[in-house]
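A.B. asks: missing the sequence, but the structure's below:
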């Protein structure tokens, strides 16, 4: 029996590289959607086959997919993981996260190459602010109300996909994803290691996380499931306060003495605007920007994963401590920490 053929877009990134590794372990004929200019640092397995797709030009994309279909056949599965979490211009979120996704969906349909299952990597940010009065979890039945350019672009991509009745999809909305190779949470860990815990605002923050390997497992559960045209939040099922998160980081990196600093939100906002202005001059996206400020000031990131558990049988293998331990070990082994 021939191996199932899978396309993973955004394969050179943090999550994408883990998706590729999982696909190889599962015996898929694995195609990594990677631009020629992108790093292949984590894509060195000889079994990986590469495809450089032009998501920005739908006609060119149709031509590429049509040529591929003639030579190799269509993809059994597509995991659309490509996207951006920070940009120099807010308009780029819409262009890359929404328009490019729509182009891929349209191209697959128009060249008669619709896969058996299409998994869209969305985000909890597509739903916006959670209840900050009673800290109740966000549910899939809630009305999405994204408050960032990033979240709005993800929701637009979701809505476009959901409008396709003849397109078998699963949408996954992960909360904060961490693990080896990840850079944003790494900066927080590095800050704690340097002796400082910098918090945003004074009101308690409820955080949720998903370890990258658990997220990847959820993707493949979605691919293999008979279910289609469903959307799920993805988290490890636990809730942590911002203080509990810092305490776990301290414990894992064996840092006893840390100075805790609570930064007023107005100061954080000013710094974010300044950092964004500097990034426009340097032409390099900043980790801290106005979109990130909105995310950092959000107090409630709880989400209900009951549908994911009931429908797909998902169970996280890593709690936050175990995931941080494995991540920190990798950071140390690779000279990051």
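C.D. replies: Received it, and whenever you're ready, just let me know what you need. For clarity, every value in this text was computed on a predicted model and none was experimentally measured. Numbering: from 1, shown residues only.

A.B. asks: Surely residue 261 touches residue 197?
C.D. replies: Yes: the pair residue 261 / residue 197 is scored as a contact, 6.8 Å apart, by C-beta atoms under 8 Å. For the C-beta atoms, the positions are set from N, CA and C on the backbone; glycine is no exception.

A.B. asks: Those two: which has the busier surroundings?
C.D. replies: Per other C-beta atoms under 10 Å, whichever of residue 261 and residue 197 has more neighbours is residue 197, with 20 against 10.

A.B. asks: give me the element that one is part of.
C.D. replies: Per DSSP states H and E: residue 197 is located in strand 196-200.

A.B. asks: Partner strands of that strand and their direction?
C.D. replies: strand 259-263 (parallel) (DSSP bridges).

A.B. asks: The strand holding residue 197: what's the following helix or strand?
C.D. replies: The helix or strand immediately downstream of strand 196-200 is strand 206-207, counting by DSSP H and E.

A.B. asks: Check which residues of stretch 250-258 are buried.
C.D. replies: Residues 250, 252, 253, 255, 258 are the ones in stretch 250-258 that count as buried (16 or more other C-beta atoms under 10 Å).

A.B. asks: and which of those residues is nearest residue 156?
C.D. replies: residue 252 (37.4 Å; C-beta to C-beta).

A.B. asks: what sits against that closest one?
C.D. replies: By C-beta atoms under 8 Å, 6 or more residues apart in numbering, the contact set of residue 252 is 321, 324, 325, 328.

A.B. asks: Mind checking which of these are buried?
C.D. replies: The neighbour-count criterion (16+ other C-beta under 10 Å) marks 324, 325, 328 among the contacts of residue 252 as buried.

A.B. asks: In CSV, list the residues you listed along with distance to residue 225, pLDDT and secondary structure.
C.D. replies: Below are those laid out as CSV (distance: C-beta to C-beta, whole Å; pLDDT from 0 to 100; DSSP: H, G, I helix; E, B strand; the rest coil):
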residue, distance to residue 225, pLDDT, secondary structure
324, 29, 98, helix
325, 30, 98, helix
328, 33, 98, helix
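
A.B. asks: related to what we said a few turns ago, which ones among the buried residues of stretch 250-258 are found in helices?
C.D. replies: The members of the buried residues of stretch 250-258 that map onto helices under DSSP state H are 250, 252, 253.

A.B. asks: list the contacts for the last one?
C.D. replies: So that's residue 253. Neighbouring residues of residue 253 by C-beta under 8 Å, 6+ apart: 189, 192, 193, 328, 337.

A.B. asks: Selecting buried members of these in ChimeraX, what would you type?
C.D. replies: To isolate the buried ones among these in ChimeraX, judged by 16+ other C-beta under 10 Å, type:
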select :189,192,193,328
